[in-house]
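Q: Take this sequence and fold it.
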Amino acid sequence: MASKGMRTLFSHHHSNSPSSPSHTRPFSPYHSHTRSSSPLHLSFSESMTDGTIATAESIITKWDAESSSYSKNTSLFYGNRREAREFLQSVRDLQQSMHSYVNHNSSSQKLVHAQTLMETAMKRLEKEFHQILTANLDQLDPESVSGRSSSGTRSSLSDYEDDVGSDDEIQIAENSIKEVEREASIAMADLQAIAECMISSGYGKECVKIYKIMRKSIVYEGIYQLGFQRISSTHIQKMDWEVLEHKIKNWVNVMKIAVKTLFYSERILCDHVFTISNTIKESCFSEIAKDAATHLFAFPETVTKCKKSPEKMFRFLDLYDTISELWPFIESIFSYESTSTIKTQAINSLIKLGDVIRTMLAEFESAMQKDPSRSPIPGGGRHPLTRYVMNYLCFLSDYKEALADIFADYPLQVQHPMPETMLRNSLTAENPLSAISTRLEWLILILLRKLDGKAELYKDVGLLYLFLANNLQYVLSKVRGCDLRYILGADWISKHESKVWQYAANYERMAWSKVASTLPQNPTSEMEPQKVKASFREFNSSFEAAYRSQSGWVVPDGKLRDEIKVSVAKKIVPVYRAFYEKNRALLRGESSKFVRFAPEDLENYLSDLFHGNGISGSGSGSVSSLHPQGSM
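A: Residues are numbered from 1 along each chain as shown. Got it, this is the predicted structure:
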């Protein structure tokens with residue numbers, strides 16, 4: 001350390017600059033007592049001051065690193081802690097004595113000697129400060145510093161209890177955690193005491209320089225160990241999506257640890273060590289954290305410059321969601337004016353991500369509108385577009401809070417006319433999710449309109465309605481199974497459930513009304529044998545045709561499939577059974593010529609429907625003749 005001359009005496013004006021540190025006991029002539037002109041008083045004061053300096057000299061020179069191998073190789077603060085406290089007190093006494101010399105016009109030789117002692121003491125404290133920072137890397141790690149509170153200890157122990165069984169093991173873990181936190185507290189207290197002493201003595205610049213160099217390297221090393229490295233925009237744009245996706249996932253994990261643990265603990269440590277000066281606190285923390293945090297927070301903005309498609313939206317939402325979730329911590333940790341650029345970078349990343357996500361959702365909507373598929377789905381099953389869109393929207397619903405924020409100031413602009421009741425509930429909803437509720441409801445409406453168009457590809461109207469019922473049922477099942485049920489609400493679900501049953505009823509009417517019409521309205525009424533025979537012939541023919549047509553049709557949803565089959569059976573089987581029971585004796589030996597089915601046969605055939613066991617298609621093919629499964 002270069003000679004400081006007389007700066008200790010004449011730098012005692014109060015300052016908050018790291019280069020001109022603040023002092024707890026600034027020297028000022030207004031703070032000194034009126035000088036006595038009494039030679040006796042002067043002699044007594046100088047004698048007291050000389051004695052104080054002599055006492056300080058004895059302990060300071062003992063720990064002069066250049067005076068002995070013992071002091072060179074031994075740590076003052078890791079040896080006799082009482083002596084460490086005496087050393088710090090001797091520095092304070094020495095400083096006070098130097099003030100006294102100035103007040104009493106003592107000889108410059110005494111001041112020079114005192115200043116030499118002060119520089120020796122500062123060299124020792126500088127060495128101790130560096131040693132404590134170096135030797136306590138484990139104790140001053142982020143988790144130890146941020147976990148000094150009792151709540152942090154309890155949390156750590158709670159996690160440990162899940163992995164161990166015995167009370168002895170839990171006690172050992174508790175003692176271990178407490179010991180680490182105790183060591184961290186001791187190291188932080190020692191650093192604080194040394195920093196206060198050096199800053200008050202006018203040597204804050206040396207102390208701050210050591211601290212900044214040491215802790216800045218710790219932060220950079222911590223970020224690197226977590227797995228984050230700065231990537232240029234050019235590199236990202238050339239990167240395969242699978243590689244970039246992995247880096248995004250890694251960034252999310254790194255960000256949470258870095259903010260909640262690394263930067264948070266660094267702020268705590270910095271504030272504790274430099275309690276003496278708010279300006280020094282800010283200067284140290286800003287220089288230590290600024291570069292690493294800025295690079296970390298800039299990553300999402302850099303990612304927004306890569307090639308984008310709707311399928312990649314979820315990773316961008318992960319980035320947005322992470323910053324939003326951590327924002328209260330970011331705002332608190334980087335509250336200094338000098339770290340405002342870090343918060344600005346985080347906000348810029350959110351803005352860029354929001355722009356990209358809105359663009360991606362618009363592209364997703366456009367892709368739905370332009371879906372080119374023009375071939376009917378065999379058997380009237382679920383359309384791939386339905387599965388794709390609903391799976392996509394379900395994943396989106398996991399990000400409902402982020403999406404609500406992203407679209408809060410961007411109301412839905414619809415150029416096409418909508419049904420009168422469309423979006424009524426969403427547009428009037430006064431809740432944080434209303435913006436995204438409207439948006440997602442609109443996307444589902446687009447899907448349903450596309451399905452209406454695709455249903456027209458079916459030549460059989462019954463199959464058309466079955467197709468619509470199947471796909472709307474799938475939409476509802478996906479809505480009920482994810483957070484869409486909260487976003488869209490119970491009224492929306494109820495309205496569309498009714499529509500499913502409306503489609504199902506239309507299917508039954510179109511597919512089975514002809515079969516039902518072949519039976520008399522009053523199946524137990526008296527009829528002439530010829531009319532009975534004609535009714536059986538017509539029923540056989542129409543039922544066979546309906547069954548052939550529908551043998552390849554499907555209803556993937558088990559509940560819907562069973563309910564449709566039960567409903568169809570209720571419309572046909574009871575009437576047929578009554579007609580069958582009434583007229584079977586009338587036909588006597590001719591029954592095998594006219595009656596093809598027993599009532600149980602009908603139930604069996606109907607139970608086989610909607611599994612797609614026959615030919616698939618729109619029902620234009622044929623199947624082999626039916627064979628009754630029962631007999632008269």
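
Q: Give the helix, strand or coil label for residue 539.
A: helix (DSSP: H, G, I helix; E, B strand; the rest coil).

Q: so it touches residue 519, yeah?
A: Yes: counting by C-beta atoms under 8 Å, residue 519 is a contact partner of residue 539 at 6.1 Å. Backbone N, C-alpha and C define where each C-beta goes, glycine included.

Q: Which residues are in contact with each of these two?
A: With contacts taken as C-beta atoms under 8 Å, 6 or more residues apart in numbering, the residues that reach both residue 539 and residue 519 are residue 576.

Q: Look at these two and report which has more neighbours.
A: A direct count of neighbours by other C-beta atoms under 10 Å for residue 539 and residue 519 places residue 539 higher, at 25 against 19.

Q: so who does the more buried one touch?
A: Shown in contact with residue 539 (C-beta under 8 Å, 6+ apart): 515, 518, 519, 576, 597.

Q: run the last query once more with 7 Å
A: 515, 518, 519 (C-beta atoms under 7 Å, 6 or more residues apart in numbering).

Q: In terms of pLDDT, where does it sit?
A: You'll see residue 539 listed with a pLDDT of 92.

Q: show me where the stretch 101-250 of the chain has strands.
A: Assigned by DSSP state E, counting those that start in this stretch, the stretch 101-250 of the chain shows no strands.

Q: so where's the stretch 51-200 of the chain uncertain?
A: Counting by pLDDT under 70, the stretch 51-200 of the chain shows low-confidence ranges at 68-73, 79, 101-108, 143-144, 146-178, 180.

Q: before we move on, what about the stretch 401-550 of the chain?
A: Within the stretch 401-550 of the chain, the stretches with pLDDT under 70 are 414-432.

Q: Give me the residue at the spatial middle of the protein.
A: Centroid-nearest residue in the chain: residue 322, 4.3 Å away (criterion: C-alpha atoms, centre = their mean).

Q: doesn't residue 255 make contact with that one?
A: Yes: using C-beta atoms under 7 Å, residue 322 is in contact with residue 255, at 5.3 Å.

Q: Give me the contacts around the helix or strand containing the residue nearest to the centre of the chain.
A: Per DSSP states H and E, residue 322 falls inside helix 313-333. Contacts with helix 313-333, where a contact means C-beta under 7 Å, 6+ apart, come from 245, 248, 252, 255-256, 259-260, 263-264, 267, 300, 303, 343, 346, 349-350, 353-354, 356-357, 360, 395, 399, 402, 405-406.

Q: Which one of the contacts of residue 539 is nearest to residue 77?
A: residue 515 (97.1 Å; C-beta to C-beta).

Q: Next, count neighbours for the nearest residue to that closest one once chain neighbours are set aside.
A: Nearest residue to residue 515 in three dimensions, chain neighbours excluded: residue 542, at 4.6 Å (C-beta to C-beta, 6 or more residues apart in numbering). When neighbours are defined as other C-beta under 10 Å, residue 542 has 18 of them.

Q: ok, the closest residue in space to residue 198 that isn't next to it in sequence - how many residues close by?
A: For residue 198, ignoring the flanking residues on the chain, the nearest one in space by C-beta to C-beta, 6+ apart is residue 207 at 4.3 Å. Close neighbours of residue 207, defined as other C-beta under 10 Å, add up to 28.

Q: cool, and residue 285?
A: Neighbours of residue 285 (other C-beta under 10 Å): 26.

Q: Just want to check the distance between it and residue 293.
A: 10 Å (C-beta to C-beta, to the nearest Å).

Q: Over to residue 259?
A: Using C-beta to C-beta, residue 259 is found at 8 Å from residue 293.

Q: more crowded one of these two?
A: Neighbour totals were compared for residue 259 and residue 293, and residue 293 leads with 27 against 24 (other C-beta under 10 Å).

Q: So the residue nearest to residue 550 when sequence neighbours are not counted, which state does it fall into?
A: The shortest distance from residue 550 to any non-neighbouring residue, by C-beta to C-beta, 6+ apart, is to residue 609 (5.8 Å). Under three-state DSSP, residue 609 falls in the coil class.

Q: Any chance of the backbone angles for residue 609?
A: Phi and psi for residue 609, reported as degrees, to the nearest 10, are phi -70, psi 160.

Q: quick one: it and residue 566 touch, right?
A: No: using C-beta under 7 Å, residue 609 is not in contact with residue 566, being 11.5 Å away.

Q: and these two? which has more neighbours close in?
A: Applying other C-beta under 10 Å to residue 609 and residue 566 shows that residue 609 carries more neighbours, namely 22 against 12.

Q: which residues touch the more buried one?
A: Residue 609 neighbours (C-beta under 7 Å, 6+ apart): 550, 553, 565.

Q: cool, residue 86 as well?
A: Per C-beta under 7 Å, 6+ apart, neighbours of residue 86: residue 59.

Q: in the helix or strand that contains it, what counts as buried?
A: Using DSSP H and E, residue 86 sits within helix 81-103. Buried residues in helix 81-103, counted by 16 or more other C-beta atoms under 10 Å: 84, 86-88, 90-95, 97-103.

Q: got it, and stretch 346-358?
A: Under the neighbour-count criterion of 16+ other C-beta under 10 Å, stretch 346-358 has 346, 349, 350, 352, 353, 354, 356, 357 buried.

Q: May I see the residues you listed organised as a markdown table, with secondary structure, distance to residue 219 and pLDDT added?
A: Shown next, in a markdown table, are those (DSSP: H, G, I helix; E, B strand; the rest coil; distance: C-beta to C-beta, whole Å; pLDDT from 0 to 100):
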| residue | secondary structure | distance to residue 219 | pLDDT |
| --- | --- | --- | --- |
| 346 | helix | 17 | 96 |
| 349 | helix | 20 | 96 |
| 350 | helix | 23 | 96 |
| 352 | helix | 25 | 96 |
| 353 | helix | 25 | 97 |
| 354 | helix | 29 | 96 |
| 356 | helix | 29 | 96 |
| 357 | helix | 31 | 96 |
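
Q: just curious, which of the residues you listed is nearest to residue 58?
A: Nearest to residue 58 among the buried residues of stretch 346-358, with distances taken as C-beta to C-beta, is residue 346, at 54.4 Å.

Q: Leaving aside the residues adjacent along the chain, what's closest to the closest one?
A: Per C-beta to C-beta, 6+ apart, closest to residue 346 is residue 297, 4.7 Å.

Q: quick check, distance from the helix or strand that neighbour falls within to the centre of its chain.
A: Using DSSP H and E, residue 297 maps to helix 278-303. Offset of helix 278-303 from its chain centre (C-alpha atoms, centre = their mean, to the nearest Å): 21 Å.

Q: what angle do that helix and helix 313-333 make?
A: With axes from the mean of the first three to the mean of the last three C-alpha atoms, to 10 degrees defining the directions, helix 278-303 sits at 170 degrees from helix 313-333.

Q: Tell me the buried residues in helix 278-303?
A: For helix 278-303, using 16+ other C-beta under 10 Å, the buried residues are 279-303.

Q: Stretch 214-227 too?
A: For stretch 214-227, a neighbour-count test (16+ other C-beta under 10 Å) marks 214, 215, 216, 218, 219, 222, 223, 226 as buried.

Q: ok, residue 450 touching residue 370?
A: No: the criterion here is C-beta under 7 Å, and residue 450 misses it with residue 370 at 9.8 Å.

Q: between those two, which one's more packed in?
A: A side-by-side neighbour count of residue 450 and residue 370, using other C-beta under 10 Å, places residue 450 first with 20 against 8.

Q: Please report the distance of the more buried one from residue 374.
A: 12 Å.

Q: what about stretch 60-74, how long is it end to end?
A: One end of stretch 60-74 sits 14 Å from the other (C-alpha to C-alpha, to the nearest Å).

Q: what's the answer for stretch 546-564, then?
A: OK, stretch 546-564 end separation, C-alpha to C-alpha: 15 Å.

Q: what's the answer for stretch 234-243, then?
A: 15 Å.

Q: what's the offset of that stretch from the middle of its chain?
A: With C-alpha atoms, centre = their mean, you get 23 Å for stretch 234-243.
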